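Enquirer: Provide a 3D model corresponding to the input given below.
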Amino acid sequence: MDSDNQAPQVWLLSVQRKLYQWSRENLETPYRDLWNWVTDPRNLYMAWKTIAGNRGKRTPGVDGATVEKIATGKGIGLFLHELREELRSGDYRPSPARRKWIPKPGKPGKFRPLGIPTVKDRVVQCAVKQVLEPIFEARFWPVSYGFRPGRGSQACLEHIRVTIQSRGKPAADGYRHDAPYQWVIEGDIEACFDNIGHHPLMGRVRHGVADRKVNRLIVQFLKAGVLEDVTYSPTDTGTPQGGVLSPLLANIALGVIEERYRQWVRRPEDPKLKSDGIKLAAIKRDKDRRAGRTVFYPVRYADDFLIFVSGTEADALAEKQALATYLHETMGLTLSPEKTRVTALTEGCRFLGCRVRLKWDKRFGLHARIEIPREPINGFRIRINQLARRQTLRRSLTAMLQELNPYLRGWSAYYRYCVGSKRIFASLDWHVRQRLWLWLRAKHAGVPGRKIASSRRPSVAHPGTKVWAEGGTEQFLMSYVPVRRFDLKWMRKPEFAKTSGEPDAQRKVQVRFGEQAWETGGGDTAPRPRLTLL
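Expert: Numbering: from 1, shown residues only. Reported below is the predicted structural model:
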């Protein structure tokens, strides 16, 4: 079956492209016949390949089965054949998800529930997702990020920076004093994944999918319940975190946030419009600002979102209350009164682990910045101190560096696009070097410091700089990580959204700040119209 891997992959991509193109041209029409594609052997096989390649392949559900047990037991072919027969006959029923509590990242002592479906349910959910994702991806708004292909946190933060950046000609003194937005509503939904209403969610799903069998299957997943130890709990609301389908369903549900502000946010290609929707939305926002009307602009990453306000603080506070009522009435969600707050952009707010704010710059005037907050920096130092504590003295320097380096790489890769990251990386490199020095002094008590210092040698990757090293393993230096501003041109569309099978058939070209154009690969083909990103 592995030798035929390419054929199912090509087939699935062609189906996804067809669904994406159709959905983009028929934004208000649901697709009616999807069941045959969901249960197609090639779709199920590609779903199996995806699940078997995930990190959770060794994690069992309530039945105790793992990917390896199934592959070495009855075999992949028989497993998928029996699964398809269950689906086609209507005998398939999802099992409850196994509940597991995992620590919340960055919040010591706090945990969040994770629902782990069985391998069989994961394969079916993935098969459904592979068919549904192109339909809804064509309908999602350009201001939503997270759990979407090619739309990660760095792109979201850069979108925010460009959105709040001061534009236009400088004043007579050469500085920009005005920004398009003055206030921001920091949205925090209480237990979002656990409280999404099933009825309004399925209403939104049916707006894009009119296949009764597919919709019935989604409802079964939502109602499957969870099993914690031996206690079964029904799921009357929510999409349990941990399921393959849950992120897509959450994005479908939370699309109501963007729809509330649809007069200021448009899709790139809306069939109801004769011109580019994003550009028309930008014109509408500028026109309303000049007329003194309040403008709201949302940017959402999964269940975290910001609403930028061009107006007064009273306008922002009133919209905060109206939005809370709107989310409760449409999706049964509740905004946290304590964590949802209105903040001046000059004071800044926290979003995706970074600080977003407007700051006066003596070169430009009012300037948008994405900064590294103090809390992650302090958390970094604490983590290094914990790794290099006395309880780890029995470990070798090689083992210590092998555990330390992935953390250094990941931390620097995430914050490399922030303002001042180069200086902060250099400071943290020094902290790591000093902690390792103290750790080695304690490990080799009584050994002269000069002999211990011999473990520092010129870096292979960066000659001229000494690092702690042992054997072929050396300390990773964050200060040498390339630092630059994230470019929205780096966002990659999913394969099914590309207009050509050749990845370089179309190339983005920067036109001017806030705008882009498309340049085709040659010939006499006319270029696509210029698109305003924000």
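Enquirer: for this structure, what are the low-confidence residue spans?
Expert: Counting by pLDDT under 70, the chain contains low-confidence ranges at 1-5, 106-107, 174, 268-277, 499-534.
Enquirer: Spatially nearest residue to L352, not counting backbone neighbours?
Expert: Leaving aside its sequence neighbours, L352 sits nearest to S153 (CB to CB, 6 or more residues apart in numbering; 4.8 Å). Glycine gets a C-beta too; all of them are placed from N, C-alpha and C.
Enquirer: err, T330, not the other one
Expert: The shortest distance from T330 to any non-neighbouring residue, by CB to CB, 6+ apart, is to V256 (4.9 Å).
Enquirer: Tell me which residues are up against the helix or strand hosting that neighbour.
Expert: Taking DSSP states H and E as the definition, V256 sits inside helix 246-260. Helix 246-260 is touched from outside by 129, 132-133, 136, 139-141, 143-144, 146-148, 187, 192-193, 196, 200-201, 204-205, 208, 218, 222, 239-240, 265, 298, 300, 302-303, 305, 323, 326-327, 330-331, with contacts defined as CB atoms under 8 Å, 6 or more residues apart in numbering.
Enquirer: So which bits of the longest helix along the chain are buried?
Expert: For the chain, the helix with the greatest residue count under DSSP state H is helix 421-443. If you call a residue buried by 16 or more other CB atoms under 10 Å, then helix 421-443 has these buried ones: 421-422, 424-425, 428-429, 432, 435-437, 439-440, 443.
Enquirer: hmm, back to that, ok, how many other residues are close to the residue nearest to L352?
Expert: Using other CB atoms under 10 Å, S153 has 18 other residues around it.
Enquirer: Contacts only, for it.
Expert: With contacts defined as CB under 8 Å, 6+ apart, S153 is in contact with Y145, G146, Y301, L352, G353, Y414.
Enquirer: Run a quick neighbour tally on T465.
Expert: Neighbourhood size, T465 [other CB under 10 Å]: 14.
Enquirer: show me what contacts it?
Expert: So T465 contacts P458, S459, L477, Y480 (CB under 8 Å, 6+ apart).
Enquirer: Could you check how far the spatially closest residue to the first one that is not a sequence neighbour is from Q402?
Expert: I take that to be P458. Once flanking residues are discounted, P458 sits nearest to K466: 5.8 Å by CB to CB, 6+ apart. The gap separating K466 from Q402 is 19 Å, by CB to CB, to the nearest Å.
Enquirer: Please name the nearest non-neighbouring residue to the spatially most central residue of the chain.
Expert: Geometric centre of the chain, nearest residue: G146, 2.7 Å, by CA atoms, centre = their mean. Among residues not flanking G146 along the chain, A302 sits closest, at 3.5 Å (CB to CB, 6+ apart).
Enquirer: Surely that neighbour and F147 touch.
Expert: Yes - counting by CB atoms under 8 Å, A302 touches F147, with 5.7 Å between them.
Enquirer: okay, now S459: neighbour count?
Expert: Neighbours around S459, by other CB under 10 Å: 18.
Enquirer: How about the contacts made by it?
Expert: Residues near S459 by CB under 8 Å, 6+ apart: T465, K466, V467, A469, E474, Q475, L477.
Enquirer: in its sheet, what does whichever strand or helix holds the fourth one sit against?
Expert: This means A469. Assigned by DSSP H and E, A469 belongs to strand 466-470. For strand 466-470, the pairing partners within the sheet under DSSP bridges are strand 456-458 (antiparallel), strand 473-474 (antiparallel).
Enquirer: buried ones in that strand?
Expert: By neighbour count on 16+ other CB under 10 Å, the buried set for strand 466-470 is V467, W468, A469, E470.
Enquirer: who's in contact with it?
Expert: Residues outside strand 466-470 that contact it (CB under 8 Å, 6+ apart): 396-398, 401, 433, 436-437, 440, 455-459, 474-475, 477.
Enquirer: For N26, state which of those residues is nearest.
Expert: For the contacts of strand 466-470, the closest approach to N26 (CB to CB) belongs to L477, at 52.6 Å.
Enquirer: just checking, the closest one touches D429?
Expert: Yes - using CB under 8 Å, L477 is in contact with D429, at 5.6 Å.
Enquirer: Without its sequence neighbours, what residue ends up closest to L217?
Expert: That would be V128: by CB to CB, 6+ apart, it lies 6.5 Å from L217.
Enquirer: Which of the three states applies to E186?
Expert: Secondary structure for E186, judged by DSSP: H, G, I helix; E, B strand; the rest coil, is strand.
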